[in-house]
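# Sharing a sequence plus its predicted fold:
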Amino acid sequence: MLEPTKTVDVEKVRGDFPILRRTFDGKRLVYLDNAATTQKPKAVIDSLVDYYSRYNANIHRGVHQLSIEATEAHEAARKKVARFLNAGSHREVVFTRGTTESINLVRFAWGPAAVKEGDVVLLTLMEHHSNIVPWQQLAKERGARIEYVPLTPDGRLDMGEFERLLGLSPALVAFTQCSNVLGTINDAERLCSMARSAGAVTVVDGAQSAPHMAVDVRRIGCDFFAVSGHKMLGPTGIGALYGRRELLDSMGPFQTGGDMIKEVHVDGARWNDVPYKFEAGTTNIADAVGFGAAIDYLASVGMDRVRRHEVELLRYSFEKLSAIPALTVYGPADPESRGGVISFNLADIHPHDMASILDAEGVAIRSGHHCAQPLMDHLGVPGTSRASFYIYNSYDDVDAFIAALLKAKKVFSV
Ligand SMILES: Cc1ncc(COP(=O)(O)O)c(C=O)c1O
C-alpha cells in the first residue's frame with residue numbers, strides 16, 4: 001500500500017493508470033520523468049478507442065451522422081481547453097501539435113508583420129529551446145535582436161534587469177511560467193502587466209505550468225499562452241495555443257490549405273474565422289478528443305489539489321536530499337515557489353550514468369540538457385539529472401528515488 005499525501009489518494013489515482021502496473025525485474029515502475037511526458041489514465045486511452053471504434057470521421061465538412069458526432073466531440077474538447085485556461089471564448093483556442101507548434105504559430109502568423117528591423121525580442125535565460133529558436137529565426141529574418149533576462153543565483157528572474165530591459169521597448173516578451181529545469185514559477189501576471197505597460201506583446205510558455213497548477217489566462221493578461229496535451233495526461237501530438245481574440249483576428253494564417261479558408265477562387269482566397277483560420281488540413285481529431293478527456297480527469301482531481309500534492313512531495317524530497325553531501329539541486333529552495341521538478345548533480349557523476357543506475361532500480365528520470373542549453377551554459381554544466389512529479393507519484397516513489405541515488409553515490413564512491 002502506497003502512502004498517500006495529504007491531498008491526493010495516490011493508491012486510487014494509480015489504479016487509473018494501466019502502465020504503472022508494469023514491473024522491471026520485479027521492481028515496480030517509479031515514473032519520475034513527467035516533465036518530459038506524463039502517463040495516460042484509462043479514461044484517456046478509452047476515449048481514443050471509443051473515437052476510432054464508434055465515430056471516426058472527418059470534421060467540419062460532412063453532413064453525415066459520424067461527421068457530426070466527430071465534429072461535436074472535437075469542438076467540445078476545444079471548449080474544455082478554453083474552460084481549463086479560463087479563456088474568454090473557445091474561439092481563442094487553436095489546436096496545435098503542442099507547445100512547440102503553438103509558439104511557431106505565433107512566430108510565423110504574428111511575427112513577420114509585427115517585428116521590424118532593429119526591434120528587440122525579450123526572452124529569459126531559463127527558456128526551453130522551443131521558446132528560443134523560433135524567436136532567433138524570426139530575429140534573423142527581420143533584423144531584430146534578442147535580449148535575455150538574466151537569473152539570480154537561486155534561479156529566479158532578475159526583476160531589476162527585467163525592468164531595465166523593458167526600457168528597450170521590446171516588441172515581444174516571451175517567457176516560461178514554470179522552468180522545466182529549475183522548477184522556478186514565474187509570476188506571469190506581474191511579468192505580463194509590466195511587459196504590456198512597455199508596449200510588448202506577451203507569449204507565455206505554459207508547457208510546465210498548465211499541467212500542474214490552476215491557470216487563468218485572463219488573469220495573467222497574456223496575449224498568447226502555449227500548452228502540450230501530452231504533459232497533462234493527454235495524447236502526444238495535440239496541444240493548444242490560447243490567443244487574445246483581437247490579435248488572432250488581426251493575424252494572417254499559419255499554414256494554408258483546406259478548412260482554413262472561407263472561399264477559394266482561381267485568383268485568391270479568403271480566410272476562415274478564428275480559430276479555424278489556423279487549423280489547416282485534417283487535424284489531430286482523435287487526440288483532441290483525448291486531450292478533452294485528460295482535462296476532465298484533471299478537473300475531477302482539481303488543479304489546486306494537483307499543486308498541493310506536488311508541493312508536499314517536493315517538501316519531503318528536499319528534506320531527504322539535504323542530507324546528501326556533494327549534491328547540488330538547482331533552482332529555488334522554497335517548494336512553494338517552484339514546480340515539481342528537481343534538477344541535480346551529484347559530485348562529478350555524469351547525469352547519463354546517474355539516470356542509468358536509477359533505471360536499473362526501476363526509477364525513470366531524465367538526464368541531459370533538457371532542451372535548455374543557454375541555461376546549462378549559465379549554470380556552467382553540460383547537463384543535469386532531473387526527477388519530476390505528477391499526481392500518481394507518492395512518498396514511496398521519493399524513497400525509491402533517494403535509495404537509488406544513494407546507490408549511485410556508493411557505486412561511484414563519491
Ligand atoms: C518549458 C517547456 N517548453 C516547451 C516544451 C516543448 O513541448 P513540446 O515538445 O510538447 O512541444 C517543453 C517540453 O519539454 C517544456 O518543458
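Cool, the structure landed. Treat the numbers as computed from the prediction; the structure is a model and nothing was measured. Residues are numbered from 1 along each chain as shown.
# In which helix or strand does Leu123 reside?
strand 120-124 (DSSP states H and E).
# Mind listing residues that contact that strand?
115, 131-132, 135, 138-139, 144-149, 151, 157, 165-166, 168-176, 186, 195, 200 (CB atoms under 8 Å, 6 or more residues apart in numbering). Where you see a C-beta, it was placed from the backbone N, CA and C, and this is true even at glycine.
# Just these: which are in helices?
135, 138-139, 165-166, 195 (DSSP state H).
# Quick check: the two most widely separated of those residues?
Greatest spatial distance among those (CB to CB): Leu138 and Leu166, at 19.3 Å.
# So between those two, which is more surrounded?
The residue with more neighbours, out of Leu138 and Leu166, is Leu138; 24 against 21, by other CB atoms under 10 Å.
# hang on, the earlier thing: for the ligand, tell me which of the contacts of strand 120-124 show up nearby.
Contacts with the ligand within these, as defined by CB under 6 Å from any ligand atom: 131, 176.
# Weed out the non-buried ones from the contacts of strand 120-124.
115, 131-132, 135, 138-139, 144, 146-149, 151, 157, 165-166, 170-176, 186, 195, 200 (16 or more other CB atoms under 10 Å).
# Can you add distance to Thr99 and pLDDT and give the ones in helices among the contacts of strand 120-124 back as JSON lines?
Shown next, in JSON lines, are the ones in helices among the contacts of strand 120-124 (distance: CB to CB, whole Å; pLDDT from 0 to 100):
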{"residue": "Trp135", "distance to Thr99": "14", "pLDDT": "98"}
{"residue": "Leu138", "distance to Thr99": "17", "pLDDT": "98"}
{"residue": "Ala139", "distance to Thr99": "20", "pLDDT": "98"}
{"residue": "Leu165", "distance to Thr99": "24", "pLDDT": "98"}
{"residue": "Leu166", "distance to Thr99": "24", "pLDDT": "98"}
{"residue": "Ala195", "distance to Thr99": "19", "pLDDT": "98"}
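# Of those, which is the nearest to His90?
Ala195 (25.8 Å).
# Nearest residue to the closest one in space, please, no chain neighbours.
Val173 (3.9 Å; CB to CB, 6 or more residues apart in numbering).
# surely that neighbour meets Leu191?
Yes. Shown here, Val173 and Leu191 form a contact pair, counting by CB atoms under 8 Å, at 7.1 Å.
# list the buried ones in the longest helix along the chain?
Determined from DSSP H, the single longest helix within the chain is helix 65-85. By 16+ other CB under 10 Å, the buried positions in helix 65-85 come out as 67, 69-71, 73-74, 77-78, 80-82, 84-85.
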